[in-house]
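[1] following is a predicted model, sequence given first.
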Amino acid sequence: AMRQFYALRQKYIASIKQRIYAESNLQLAGLIDLIPKMFPNSTTVYIMRDGRTWVRSHMNWKFDMYGKRDVFSYFSSGRATADQFPSDPFYRKWDQLTRFQKICWQWQHRNRQALALLKKNPTALLIKYEDLFDPVNGHDTIQKLLGHLTQFPDGFRAKFKYNPDFAKKRFYASESKNLSKWDSW
């Protein structure tokens, strides 16, 4: 995994003239512990969304996360499923799960893995997505996030300017109402 990811990114990153390169990619959650080994002067942030809103958002997508229109269905490894993990309690029950149950499983699986790998990355920080928009502490959370992202292991600290209006915008808000809010499930 390290060799493949490094081969995909190293040449491109080395070609960039800017001193800082940032990548936002949820698919890297399984490599959190390896990132500092590949890129020693890197810092990592994992932003975790509340499972209730994440599941609702995915249920409201126009396509099925595990359906034929899922981009991952075109790859041999596909998307993670419980039947790939013999120790998983749903290993032999995966095909019996509803779409809702599979999406819930995906959230817990991905985040359980990421939380375990965060402990193995000395430059990693966990931020809760909802904390970025908290009316009381959101600005402090954003400042913490930006401070972490701009401090590097070699001692370099980049300057940043924070616009407080950022906290007023919620990204990727679900417009569909296919699934009600969690408290009515």
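    Happy to help now that I have it. Predicted model only: the values in this text are computed from it and were never measured.
[2] use CA for all of it now, contacts and neighbours both
    OK.
[3] spatially central, which residue of this structure would that be?
    What sits nearest the mean C-alpha location of the chain, by C-alpha atoms, centre = their mean, is residue 26, with 3.6 Å.
[4] quick check: buried residues in the longest helix seen in the chain?
    Longest helix in the chain by number of residues, with DSSP state H as the criterion: helix 99-118. Using 16 or more other C-alpha atoms under 10 Å as the test for burial, helix 99-118 gives 99-100, 102-107, 110-111, 114-115, 117-118.
[5] can I get those in a markdown table with pLDDT and distance to residue 21?
    A markdown table is the format used below for these (pLDDT from 0 to 100; distance: C-alpha to C-alpha, whole Å):
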| residue | pLDDT | distance to residue 21 |
| --- | --- | --- |
| 99 | 91 | 37 |
| 100 | 92 | 36 |
| 102 | 95 | 34 |
| 103 | 94 | 31 |
| 104 | 95 | 32 |
| 105 | 96 | 32 |
| 106 | 94 | 29 |
| 107 | 95 | 27 |
| 110 | 93 | 25 |
| 111 | 96 | 24 |
| 114 | 96 | 22 |
| 115 | 97 | 24 |
| 117 | 97 | 22 |
| 118 | 97 | 20 |
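[6] and the furthest pair within these?
    Taking C-alpha to C-alpha as the measure, these reach their widest spread between 99 and 118, a distance of 28.4 Å.
[7] this protein: strands as residue ranges?
    44-48, 124-128 (DSSP state E).
[8] from the contact counts, what lies against the first one?
    Packing contacts for strand 44-48, counted by 3 or more C-alpha pairs under 8 Å, 6 or more residues apart in numbering; DSSP states H and E, involve strand 124-128, helix 138-149.
[9] now do 7 Å
    In this structure, strand 44-48 makes packing contacts with strand 124-128, judged by 3 or more C-alpha pairs under 7 Å, 6 or more residues apart in numbering; DSSP states H and E.
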